[in-house]
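Q: all I have is the shape, not the residue letters:
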């Protein structure tokens, strides 16, 4: 019902679509490092400007527009400067090229749609019980959404490497997997220590328990691991695997929320997401065991 919020969402999507025009040419040319750098610049500068606005200027009203303007600046000063023209073959979107692109992307598009549905399922079940519980759930899981932002920007830097099966990627795989697990555990510790302080003193929310905080931390940690798994599956171009597992995860979320939310409320919603995410990690891992990250003769 807010035209202000609708306008901001429109600008978010607009700036992302504009960026995708450049990202597509970079990825096709194997310059995924530029894609990662661009995303990191946007995230870092946006968080810095937001912190300055909140701490120094006490500026709240139009804070939601910061990302749009920072992204616009990065597009003008960085993206356009390093934009790479795709080859003539890459720009051949007629006939067979367009059909292959559509068929190649369709499972990935539907996977993203299903993931979006999964996020809304606990809120739907909680809204039938208490809108206050929806607000608390949203704020508790918001920390995890922030935590995966740097990873969503950093992982694409290695996309060209992990997509090249002629390279021996095992050493790099072990290194990044270790760092991801370390980051995941660090996030859990951070949530347990600082989340109650943020909730009580910044958001003025007190109607939660430490069990809720623990589950939100576990859920965020699992989401971090899922981002890494999804990246590797994407590099292997196993989009059907992503789609199949995400659809199954959607029904798991429905089942667990229907089973737990009515009885345990907020705790049940968070527990449902943790259980569904854990099962999804196991499903992805089972599929990934067939991947070969060593050097292959092509």
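A: That came through, no problem. Note that the structure is a prediction, hence the values are computed from the model and not measured. Residues are numbered from 1 along each chain as shown.
Q: what's the closest non-adjacent residue to residue 14?
A: residue 68 (7.8 Å; C-beta to C-beta, 6 or more residues apart in numbering). For glycine as for every other residue, the C-beta is placed from the backbone atoms N, C-alpha and C.
Q: give me phi/psi at the one you found?
A: phi -60, psi -50 (degrees, to the nearest 10).
Q: so what's it up against?
A: 8, 11, 12, 14, 15 (C-beta atoms under 8 Å, 6 or more residues apart in numbering).
Q: show the buried residues in those.
A: The neighbour-count test (16 or more other C-beta atoms under 10 Å) marks 8, 11, 15 as buried among those.
Q: quick one: the last one from residue 145, how far?
A: When distance is defined by C-beta to C-beta, to the nearest Å, residue 15 is 18 Å away from residue 145.
Q: try the first one
A: Taking C-beta to C-beta as the criterion, residue 8 is separated from residue 145 by 16 Å.
Q: quick one: contacts for residue 200?
A: residue 206.
Q: just say helix, strand or coil for it.
A: helix (DSSP: H, G, I helix; E, B strand; the rest coil).
Q: begin at 53 from now on, thanks
A: With the count now opening at 53, the last piece we talked about shows up as residue 252.
Q: isn't residue 170 right up against residue 297?
A: No: in this structure, residue 170 is not within contact of residue 297 by C-beta atoms under 8 Å, at 11.4 Å.
Q: quick one: which of the two has more around it?
A: residue 297 (25 against 21; other C-beta atoms under 10 Å).
Q: for stretch 87-101, buried residues please.
A: Buried-residue list, stretch 87-101, by 16+ other C-beta under 10 Å: 87-95, 97-99, 101.
Q: show me where pLDDT drops low in the stretch 103-252 of the chain?
A: By pLDDT under 70, the low-scoring segments of the stretch 103-252 of the chain are 109-114, 133-169.
Q: repeat the analysis, applying 90 as the threshold.
A: Within the stretch 103-252 of the chain, the stretches with pLDDT under 90 are 103-187, 190-191, 193-222, 249-252.
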